[in-house]
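Asks: Starting from these lines, generate the structure:
(3 chains)
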Amino acid sequence: MTASTNNPSGPGDPATPNPGDPGTATSGPGTPGPDTSSPAVDGLGTPIDTDEPPKGASFAAYFLRKLGGSAISMILVIVLGFFAFRLLPGDPVLKIAKERPMSPAQIAELRSQYGLDKPLIVQFWDYLVGIVTGNLGESYVYRKPVSALIGEYLGPTLLLTATAAVIAIVLGLWLGQLSAWRRNSLFDKLASSTALVFWSVPTFWLGLILLMVFGGTLQWLPTGGMITPGLDPWSPEAIIDVIRHLILPVITLVAVVYAQFLMVMRASLIEEMSEDYLTTARAKGLTEDEVRRRHAVPNALLPTVTVVFLHLGGLIAGAVTVEAIFSWPGLGKLTFDAISGPDLPLLQGTFVVFSAIIIVMNLAADLVYRWLDPRVRRA
Amino acid sequence: MTDLSFDDVSITYRSSSSRGDVPAVIDVSLDLPSGSTLGIAGESGSGKSTLVMSALRLLPKSATVTGHVRLGGQDISELSFGQIRAVRWAQASIVFQGALHSLNPVRRVGRQIVEALEHHAKGTWTTPERRRARMLELLREVDLDPAKAEAYPHELSGGQKQRIMIAMALACEPDIIIADEPTTALDVIVQKQILTGLADLVADRGISLLMISHDLAVLSAVCENLAIMKDGRIVEYGPSDDVCLRPREEYTQQLAGAFPQIGDAESRLRPRTAKPAEVRLTDPFTMTDEVVLEAQNLSVTFDTRQGRERAVHGVDLALRRAEILAVVGQSGSGKTTLARSLLGLQETDPGSQIAFAGRPLPRKAKDLRAFRRQVQMVLQDPSGSLNPKRSVYEAVAEGLQVQGLTEDEYAKVIGALEAAELTPAADYLESIPQELSGGQRQRVVIAGALALDPQVLLADEPVASLDASVRGEILSLFLALKKNLGMSALIITHDLGLAWNIADTVAVMKQGEIVEYGPVDTVLADPQHAYTRELLAAVPRLGSQSLVRSGATVPGVAAQDGAAQDGAAQDGAAAVGAAQDGASADVVPPDGTAADAPAPGTAARGVAAQRTADRAGTDDT
Amino acid sequence: MDNDHRAEAAPESASTPGTQPASPPGTQPASSEGTKPGRSAATRNGAAGFDSAKLIRERRLRSLRRNWRAFRTDTPAMIGAIVLLLFVLMAIFAPVIAPASMLDVTKQLDVPRYAPPSLAHPLGTDDLGREIWARIVWGSRVSLLVGVAATLMSMVIGTLMGLAGGHFTGIVGAVVMRLIDFFLVLPSLLLAIVLSTVLDRGVFTIVVAIGIASWASTARIVRSQTLSVESRLYIERARILGAGHRHILIKHLLPAVMPLVLANTTLMVGSAIIAESTLAFLGLGDPGSESWGTILKNSMDASAATSGYWWYVLPPGIAILLVVLAFTMVGRALEAIINPTLRSSR
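Replies: This next block holds a predicted model:
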């Protein structure tokens, strides 16, 4: 860079004192006299360099640190899951009572069922014990234990969101890097503007449109559910049937989410394209394609991965409306039913489980990041 | 072997802004015959990088090149993309500034070297095993532990990264190496190692070297010939010694003058500059015996992941009234930490004592604030030290405002700016930093400190990030502040020449400890500690190719070596090209009359002509 | 490498040798006026005479004009701005355009239900015989209001938390960082759903729910920008001059992050409008007021999508799409305008 720019690694950088490694200081470049190891090239042989940055921390230490962070987030989710339903203004039971007519006796029964007649600290303790033992209370709407319901509905949600996530990531990153590399070309303009339009569309509305066109008018695909009733779940016909049911909800989820990934990948690759090491690669005689594939993209992936995983939360949010529209029997549908109840124990349960999934995904993101970026292996 | 020639080259950047096209290089002609070494010196913005990047067609699409860049007689603009890719690295490679971002941060460095070999699988390295062996051999040649092949760039020091860059440049046995600021951001001692290594490797193989730098001394220490670039034009060209020691152009004189020759009595306490700061007193202040700032047994230890690291260890210092003390050391020697602790910005270890005017450094935030009216600091980089959104007035008045000294604010700001020699001060008040030059910005920063009327000024590398021509001005300002105001200054620097220019006393720091401390004249004339001697030896001297191993640069030998090494058909074409070039260019015989000093390499003398310059004729006499 | 060409592209490149005041620092016409008050103040020898506030105002005005010129050349952004203006006017003059009685179900008894678009019913009618276009005109009020208000709320929280997380070290910084990280991973729509389920139904609830659920992304951006500014030497210089937290936060950090926050805000209004419509679609909206999400919820309840009543589904979604796209275009243009300054000072 030019001399006038702020160079953070300059010799006098106040923030990062680099006193060298005291253990190897005895034979550093400070040692006077020529080095004898290579008489042909005097002064160049200094096998031990005191400016060499220290070695990185172990994987276990990194993993434990990230695991600790996730554990704190999980605890916060659990605490929030309790207090959001207890402490906010408005008695949840009265609120239910407002939505559906109830007698005072019913209200009192509901109170004791929710444990609302006990002191807060006892309620919290019961809640914690419940979380640990897998008892999340009883659903008001379904009249079943919340944990059983979640166990039953978790699989379809994972199937739907994981399929959508994989497709969205692959599609978004691939289109994004192509767009960036051919910046301002027709391809870029088309890809970027399509992405921007999809980005500006509410997921549920896109779902409604797809439902209307392919399910309603054209009747090509089923409009709801996961599997046609009566089929043997593991037969080949059933698998094809499930895939047919999957198509519309997956397209809806992918369309909205891939656009974000595309924009992020495009931006970060464009940022990367002015870096000096790409000039080195070009000077070495690599083709533009090789420069992109081998050098630019691996670096551009780094900031992208973080954002991609952060946006997976958006996928979950999309799942709530998409599952509601396509009657997909998953956690999103459960959440939707819990809202219309309102079924607070169920909502609490899905909130905690959804958040837990996201926290686990972010832990995975940290591990992926460490694998992609050797620099993190040091920090 | 391959010649590189620039024939009447102009390069323009198309710009979408209202200023239209920006010319970066104007009518430059330069020759780099095979086996020769040429340095191009220029300040930032002179167009030197743009020029050399055009040699391999590495400029961005917005650049338009006119004239001819010939590599081995072949005009590179006529090559197809496939051909130019084959030429890149195999015929001419580049040593980028490895200390920064020229290596891919997420790939192992060994892999990055092998990659170059894969793309030019000529000669012996046709299989992966051979390529790997070649890579390890290259690492040994640049004196790196072969185990470093598995390292990522961030795991290496600046010097090691630069060695990797050199190894990579040598990988495909190129005929020409272009070195783009190869030692910027490296310490003097590492710089010397890198330069010596590069010069030797190039000389041993008869490779031509084209080196660009802002640092005249670095270039003259390695190159036979020098070209000085300014605003896209070559303003002076000739053998290194002529250009450095007997510069003709005023601009070159300015550049050369910025490098003090330690021991040269003329520049002692007299930094060379066209605009020296004014000394207003008939009886200027001189160093007294009254101690203003004192440190005893000062130690600073940092907690890092690797454990506790000691940055400063047991330092004793005393700064007297109207004394300029230079603390000299390499990066990582703890000198910046030392300055920060003297200001109370850095927690010190128990047992450390800092006293100002006999009283210990205050601890409480409020007292510390008051203390900072007395002791001020100027940071390394004036561009970074000024908030780009705030005007000069705001920047200078900032200290007065945070200190609550708002009475007569305007007059104080004007006074401070004038003391910093930024006159007429009123003209600068509303400027924002981007509208000022680097030197002006540093004056604003100094004025901001002076506005508080301090007794002591600490300065951290105050000229390191300034262009050479501005260096002398700022240094003479420090001298004038001492003489006019009786101010004491502690200046942190890596540059022994700075101490020679302005300091009364010098303290040499190594790994957190002061190894030598005393009057400048004594310490620099007769260094006692081995480290001081090493530092002194590493300071590049102007001219005389001081870092080139004697004997190796005899041009004939180098050329023969090169010819023996490689007899590819391409070279035949190159030779023809060279001959053609020779016919049109002025070739001065070895006993050329231009230089009375023995300039090695005059046999391969190129020509630089700024077509419109009046110097064009005299260059060939 | 030495970016010669970039340095050359900048007129204020540091290469100008010397300190001659020949080139007047401010090349803009305003500069000569600017110095006059300074000089007269010098003769009066008074501090009050020099009006630095006026200089700041002039400089801001100049940069505003410059940015406006850059914005004007950005066609998508200008289209976006015009679309936004139209929607805002529509929201303000809703009672004039479509009298409130048009939404009163009891007054639509003789209007056909599910009437397809025609001259009499430009966008068709819904299951209760109301004009879709009138509902959309009224719906723009809540959608825009919630979008802007929720974004302002999340922006304020996000900026404060981001600044605190970037500036303070030690326990305060660590706690704030943890909090930001937590809210960042929390699925924001889910949190908004929980909040609006528990709180009383109403526009205010939706604003609070979206605001609380979405501030973390602003905080993340502000924090990283704060960290990068924090490492600049001028912050260190301010400390050397004796400045405390308040001075550094207000005079240096806040102005440095504000442009970014502004661009980010514009982009976020779009997301907030989508979030509002989603909450309304899930039945968590204010039952008493019209919003685009509510229309879509009604259409879903009436199975409009599967029954072929496309005019019930398409127009509200297109309205959302247009507004969100417009905000996105304007936001991206703003980002592009402020980005070069961020880049050059990095």
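Asks: if you skip the residues just before and after it, what's nearest to the residue of chain C found nearest chain A?
Replies: Relative to chain A, the nearest point of chain C is C:Leu189 (3.3 Å; CB to the nearest CB). Backbone N, C-alpha and C define where each C-beta goes, glycine included. Leaving aside its sequence neighbours, C:Leu189 sits nearest to A:Ala317 (CB to CB, 6 or more residues apart in numbering or on different chains; 3.3 Å).
Asks: Now do the end-to-end distance for stretch B:84-102.
Replies: 21 Å (CA to CA, to the nearest Å).
Asks: B:Asp27 should be in a helix, yeah?
Replies: No. B:Asp27 is assigned strand when assessed by DSSP: H, G, I helix; E, B strand; the rest coil, not a helix.
Asks: Any idea how many residues pack against it?
Replies: The local packing of B:Asp27 (other CB atoms under 10 Å in any protein chain shown) involves 19 other residues.
Asks: again, but for A:Gly134
Replies: Taking other CB under 10 Å as the criterion, the count of residues near A:Gly134 is 12.
Asks: again, but for the one 5 residues further on
Replies: Under the neighbour criterion other CB under 10 Å, A:Ser139 is assigned a count of 24.
Asks: got a list of what it touches?
Replies: A:145-146, A:149, A:338, A:343, A:345-346 (CB atoms under 8 Å, 6 or more residues apart in numbering or on different chains).
Asks: Could you check which helix or strand contains the residue in the stretch 201-350 of chain A that chain C sits nearest to?
Replies: Closest contact between the stretch 201-350 of chain A and chain C, by CB to the nearest CB, is at A:Ala317 (3.3 Å). Assessed by DSSP states H and E, A:Ala317 sits inside helix A:297-325.
Asks: Check which helices and strands that helix sits against.
Replies: helix A:146-181, helix A:203-210, helix A:236-272, helix A:331-340, helix A:344-372, helix C:170-185, helix C:188-198, helix C:254-281 (3 or more CB pairs under 8 Å, 6 or more residues apart in numbering or on different chains; DSSP states H and E).
Asks: Next, the angle helix C:188-198 makes with that helix.
Replies: 30 degrees (axes from the mean of the first three to the mean of the last three CA atoms, to 10 degrees).
Asks: Tell me what angle helix A:297-325 forms with helix A:146-181.
Replies: Interaxial angle, helix A:297-325 versus helix A:146-181 (the same axes, to 10 degrees): 140 degrees.
Asks: What ranges in chain A fall below the confidence cut-off?
Replies: Chain A contains residues with pLDDT under 70 at A:1-57, A:87-101, A:113-116, A:216-217, A:377-379.
Asks: between the contacts of A:Ser139, which is nearest chain B?
Replies: A:Val146 (43.7 Å).
Asks: OK, contacts around the closest one?
Replies: Per CB under 8 Å, 6+ apart, neighbours of A:Val146: A:136-139, A:345-346, A:348-349.
Asks: Can you give me the distance of it to A:Leu334?
Replies: 9 Å (CB to CB, to the nearest Å).
Asks: Could you pull up phi and psi at B:Gly238?
Replies: phi 170, psi -180 (degrees, to the nearest 10).
Asks: If you tally nearby residues, what's the number for A:Arg370?
Replies: A:Arg370: 17 neighbours (other CB under 10 Å).
Asks: so where do the strands sit in the stretch 401-550 of chain B?
Replies: Ranges of strands in the stretch 401-550 of chain B, per DSSP state E, counting those that start in this stretch, are B:456-460, B:488-493, B:505-510, B:513-519.
Asks: Which among these is found nearest to B:Asp381?
Replies: B:Asp381 sits nearest to strand B:456-460 of all the strands of the stretch 401-550 of chain B, at 9.2 Å, using CB to CB.
Asks: What are the contacting residues of the closest one?
Replies: With CB under 8 Å, 6+ apart, strand B:456-460 has contacts from A:12, A:14, B:292-293, B:319, B:336, B:339, B:342-343, B:356, B:374-380, B:446, B:449-450, B:478, B:481, B:487-492.
Asks: when you check chain C, which of those residues turn up near it?
Replies: Filtering those for proximity to chain C by CB under 8 Å from any CB of the partner chain leaves A:14, B:343, B:376-377, B:379-380, B:449.
Asks: ok, those vs B:Glu435, which is closest?
Replies: Of these, the one sitting nearest to B:Glu435 (CB to CB) turns out to be B:Leu379, at 20.2 Å.
Asks: That closest one touches C:Ile235, doesn't it?
Replies: No. Shown here, B:Leu379 and C:Ile235 do not form a contact pair, counting by CB atoms under 8 Å, at 10.4 Å.
Asks: Which one's more surrounded, those two?
Replies: B:Leu379 (28 against 21).
Asks: A strand includes B:Ala24, no?
Replies: Yes. B:Ala24: assigned to a strand according to three-state DSSP.
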